[in-house]
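1. quick one, what's the 3D model for this:
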Amino acid sequence: MPSGVVGPPAAAATDTTTTNKNLSIVWFRRDLRVEDNPALSAGVRSGSVLAVFIWAPEEEGHYYPGRVSRWWLSQSLAHLDSSLRSLGAPLVTRRSFDSVSTLAQIIQSTGARSLFFNHLYDPLSLVRDHRLKEILTAQGVNVRSFNADLLYEPWEVNDENGCAFTTFAPFWNKCLSMPYDPAAPMLPPKRISSGDVSRCPADTLVFEDESERGSNALLARSWSPGWRNADRALTAFINGPLIDYSINRKKADGATTSLLSPHLHFGELSVRKVFHLVRIKQLVWANEGNKEGEESVNLFLKSIGLREYSRYLSFNHPCSHERPLLAHLRYFPWVVDEGYFKAWRQGRTGYPLVDAGMRELWATGWLHDRIRVVVSSFFVKVLQLPWRWGMKYFWDTLLDADLESDALGWQYISGTLPDGRDFDRIDNPQLEGYKFDPNGEYVRRWLPELARLPTSWIHHPWAAPETVLRAAGIELGSNYPLPIVEISAAKARLQEALTEMWQLEAASRAAMENGTEEGLGDSSEIPLIDFPQDLQMEVDHEPVRINSNNLNADRRHEDQMVPSMTASLVRVEEEVSVDVGNSAEVSRGEVPVNVNFTPVAQGEAMDQGGTQPDAIESTAESSSTWSERDGGLVPVWSPPTVSSHSEQFVADDTGTGSGGYLQRHPQSHQLMNWRQLSQSVTRNWEVENAVQPNAIG
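-> Numbering: from 1, shown residues only. The predicted structure is shown next:
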């Protein structure tokens, strides 16, 4: 229910403002720590502090946090509250449906004159934070935001032409060769002068219901949320498994990754602290001539780089969580089969490594990064199900569900990134099993029905002799399923689907060049794919075809920026210039101060785990599309229409820019203020040499 805060009378509010001119609100979100927290440090320097956390999950639209993610958040908040109380200021928690309105009410009731918070980079947060700054600044409140989640802000890392990178390798190389090192982590404050919390009563937050408590109780046996526990986990990893990380990271049976991703997602751990401590270890091993240790550090830092890149990609391409970034792949004919989807999530595909992974995910909320790659690759390449279905299921079930990291991982696996996997590459789960679980121990742990099967048959029981199966107590098709799809059949069907995709893409290009509005290429006529209803997911749409067979230079360094968006997008008959050297057109300006974001009344439409690529050693192995819902508005970004290159980034499934979106969602007219923030940018995104990312854990 809404927080229901009622502000004091006008006179009282005036008196409070006078007496609390040094009071600052510090708004905690995914930065649940007191160490290396720039917003908290700014509040402490300014005077007294009121620490606030607002629980408004409805604002997340389709991505309402899953059970295990909510459990972690509840534990982390309790830990943070304890730490803040020991420093002198309790954490005030509020329940809300609109964070901006709630913050405005808190500021009115307490008389605070400053609001400090740390940046987030998903599209919903960018819009919400800009709206917040506009409203509160107009009321005379000092609003400042800081970088607490990245080594470098997305707008600080550009190529030689001042444009955003489109592939991971050059992006990460630029980060490692920046002329200035990432800021050193900040120490926690020694004490905090607390504001008058009586003017801002807290709400009791409920994160679980009775049916979830039993399952949640089991999580505490394996995980210890909280920033101090995160710090201990980091120290244990650096002084232990890190040195053998390059050797052991591919072993699925055991804790061979860092296990830091949930701590990083909720901001219990500073990525700058991770980076600095690991680099120090690297220097020590380099001086000792420890080549294996140096290799392990490089691989682990690459995973940190992939987490950085996931935010970078989300910032520069806000559609990346819901649409393929290579234009031609929007025409891929996904298989819309809820039976396949149910078998996959229940671990009943007939492929032991895939099934073991999915059962572990359901039971524990966790998956080794290599198993994430295996199950997601099987989902996309063998079953050819819409990748957003899988990403949404990961979001609902992973402890470290993270929108940006999950979008990067699933797009990489799906081949929808310029440096993603080749789309026609299918990994054989049998071979992957002997690669990542050579002794079959992982499979036996999660598939007890196969426990007595010899190792030589553990990853392909369908090929085992009948005598072996009988001895192991296995009856294929009864107590363990036969493969739901043969790999050879999947390869043949994938080739047919790719042929159809290229035909549709060619027809679209021809229609564009001829100025024809009709035809196969008009993606606005492609039937939309809903999320499966049996998961009680919020309805969303997959912008692909159903298978017919089935900067401003003087800007303050620490302030937030918004991604460049196109002002208006229409079909064009002539080829548009793609000169990336046109710096006057592509420079990113600061957020204008004269844009009116009208708050939306309650009841109207208002407004991140994942799979990490097997070469993307990513610390945020997690998973999770924005559109509008009664929780907030999210920008749906569309690039200008460009030439006939199929390898360019795309974001609007209609091909007609904002007009097509507004026809389908007329209530989102307020979104156009966001689109009008910046100039139209035209870029030629060409495929570079594929980088083989690695996933972290």
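2. quickly find the element holding the closest residue to residue 118 other than its chain neighbours.
-> Spatial nearest neighbour of residue 118, excluding adjacent residues (C-beta to C-beta, 6 or more residues apart in numbering): residue 148 at 3.8 Å. Any C-beta I mention is one placed from the backbone N, CA and C, and that applies to glycine too. Assigned by DSSP states H and E, residue 148 falls within no helix or strand.
3. for residue 148, give me its contacts.
-> Counting by C-beta atoms under 8 Å, 6 or more residues apart in numbering, residue 148 touches 31, 36, 37, 38, 39, 118, 119, 267, 270.
4. measure it to residue 116 for me?
-> Residue 148 sits 11 Å away from residue 116, taking C-beta to C-beta, to the nearest Å as the criterion.
5. so what sits against both of these two?
-> Between them, residue 148 and residue 116 share the neighbouring residues residue 39, with contact defined by C-beta under 8 Å, 6+ apart.
6. now the strands for this protein?
-> In the chain, the segments counted as strands under DSSP state E are 23-28, 48-55, 91-95, 114-118, 142-146, 529-530, 541-542.
7. phi first, then psi, for the residue nearest to residue 118.
-> phi -130, psi 0 (degrees, to the nearest 10).
8. could you export the strands of the chain as CSV, including distance to residue 125?
-> Converted to CSV, these look like this (distance: least, C-beta to C-beta, whole Å):
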stretch, distance to residue 125
strand 23-28, 12
strand 48-55, 13
strand 91-95, 18
strand 114-118, 10
strand 142-146, 11
strand 529-530, 26
strand 541-542, 22
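9. could you dump the ones you listed to CSV with mean pLDDT and mean neighbour count?
-> Output for the strands of the chain, formatted as CSV (pLDDT from 0 to 100; neighbours: other C-beta atoms under 10 Å):
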stretch, mean pLDDT, mean neighbour count
strand 23-28, 97, 26
strand 48-55, 97, 24
strand 91-95, 97, 20
strand 114-118, 97, 24
strand 142-146, 97, 19
strand 529-530, 64, 17
strand 541-542, 33, 21
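10. show me where the stretch 151-300 of the chain has helices.
-> Under the criterion DSSP state H, counting those that start in this stretch, the stretch 151-300 of the chain carries helices at the ranges 168-176, 210-219, 227-238, 245-248, 261-265, 271-288, 291-316.
11. looking at those helices, which is buried most?
-> helix 261-265 (a mean of 29; mean count of other C-beta atoms under 10 Å).
12. for that helix, packing partners?
-> With contacts defined as 3 or more C-beta pairs under 8 Å, 6 or more residues apart in numbering; DSSP states H and E, the packing partners of helix 261-265 are helix 227-238.
13. at 10 Å what do you get?
-> If you count contacts as 3 or more C-beta pairs under 10 Å, 6 or more residues apart in numbering; DSSP states H and E, helix 261-265 packs onto helix 67-87, helix 227-238, helix 271-288, helix 291-316, helix 403-413.
14. what's the angle from the second one to helix 271-288?
-> Here helix 227-238 runs at 20 degrees with respect to helix 271-288, directions being taken by axes from the mean of the first three to the mean of the last three C-alpha atoms, to 10 degrees.
15. and for the last one?
-> Interaxial angle, helix 403-413 versus helix 271-288 (the same axes, to 10 degrees): 60 degrees.
16. export only the CA atoms of helix 403-413, formatted as CSV.
-> The C-alpha coordinates for helix 403-413 follow below in CSV (Å, rounded to 0.1, in the frame of the first residue of the first chain):
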residue,chain,number,x,y,z
LEU,A,403,18.8,-6.4,-15.5
GLU,A,404,21.9,-5.0,-17.2
SER,A,405,24.1,-8.0,-16.7
ASP,A,406,21.3,-10.4,-17.7
ALA,A,407,20.5,-8.5,-20.9
LEU,A,408,24.2,-8.6,-21.9
GLY,A,409,24.5,-12.3,-21.2
TRP,A,410,21.3,-13.3,-23.0
GLN,A,411,22.0,-11.1,-26.0
TYR,A,412,25.5,-12.5,-26.2
ILE,A,413,24.3,-16.1,-26.2
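17. so what's the gap between that helix and the chain middle?
-> Using C-alpha atoms, centre = their mean, to the nearest Å, we find the averaged C-alpha position of helix 403-413 to lie 7 Å away from the chain's own average C-alpha position.
18. next: stretch 191-199.
-> In terms of C-alpha atoms, centre = their mean, the centre of stretch 191-199 is set 34 Å apart from its chain centre.
19. cool, stretch 279-298 as well?
-> The answer for stretch 279-298 is 30 Å, by C-alpha atoms, centre = their mean.
20. same check on stretch 271-279?
-> Going by C-alpha atoms, centre = their mean, where stretch 271-279 is centred and where its chain is centred differ by 21 Å.
21. now swap in stretch 106-113 and tell me
-> Its chain's C-alpha centre lies 33 Å from the corresponding centre of stretch 106-113 when counted by C-alpha atoms, centre = their mean.
22. mean confidence for that stretch?
-> Across stretch 106-113, the average pLDDT comes to 94.
23. with stretch 258-273 instead?
-> The average of the pLDDT scores along stretch 258-273 is 96.
24. out of the helices and strands packed on helix 261-265, flag the one nearest residue 490.
-> helix 403-413 (14.9 Å; C-beta to C-beta).
25. now do the closest one against helix 168-176, angle only.
-> Put simply, helix 403-413 runs at 140 degrees to helix 168-176, going by the same axes, to 10 degrees.
26. list the helices and strands helix 403-413 packs on?
-> Using 3+ C-beta pairs under 10 Å, 6+ apart, helix 403-413 is in contact with helix 123-138, helix 261-265, helix 291-316, helix 369-377, helix 387-397.
27. can you list these in CSV and add distance to residue 89?
-> Converted to CSV, these look like this (distance: least, C-beta to C-beta, whole Å):
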stretch, distance to residue 89
helix 123-138, 21
helix 261-265, 23
helix 291-316, 29
helix 369-377, 38
helix 387-397, 33
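28. closest one to residue 478 among those helices?
-> For these, proximity to residue 478 was assessed by C-beta to C-beta; helix 369-377 is nearest, at 23.6 Å.
29. counting contacts, what elements does the closest one pack onto?
-> Other elements packing on helix 369-377 under the criterion 3+ C-beta pairs under 10 Å, 6+ apart are helix 338-345, helix 352-364, helix 387-397, helix 403-413, helix 429-436.
30. most tightly packed of these?
-> Sort the helices and strands packed on helix 369-377 by mean neighbour count, taking mean count of other C-beta under 10 Å, and helix 403-413 sits at the top with a mean of 32.
31. residue contacts, residue 215?
-> With contacts defined as C-beta atoms under 10 Å, 6 or more residues apart in numbering, the neighbours of residue 215 are 67, 68, 71, 208, 362, 363, 364, 365.
32. ok, the residue nearest to the last one when sequence neighbours are not counted to residue 233 distance?
-> By the measure of C-beta to C-beta, 6+ apart, the closest residue to residue 365 outside its immediate chain neighbours is residue 68, 3.5 Å from it. Residue 68 sits 17 Å away from residue 233, going by C-beta to C-beta.
33. over to residue 29?
-> Summarising the geometry, the distance separating residue 29 from residue 233, computed by C-beta to C-beta, is 21 Å.
34. could the contacts of residue 215 go into CSV alongside pLDDT?
-> As requested, these are arranged in CSV below (pLDDT from 0 to 100):
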residue, pLDDT
67, 93
68, 94
71, 96
208, 88
362, 92
363, 91
364, 91
365, 93
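35. return the member of these nearest to residue 341.
-> Distance from residue 341 was checked for each of the contacts of residue 215 by C-beta to C-beta. The minimum falls on residue 362, at 13.9 Å.
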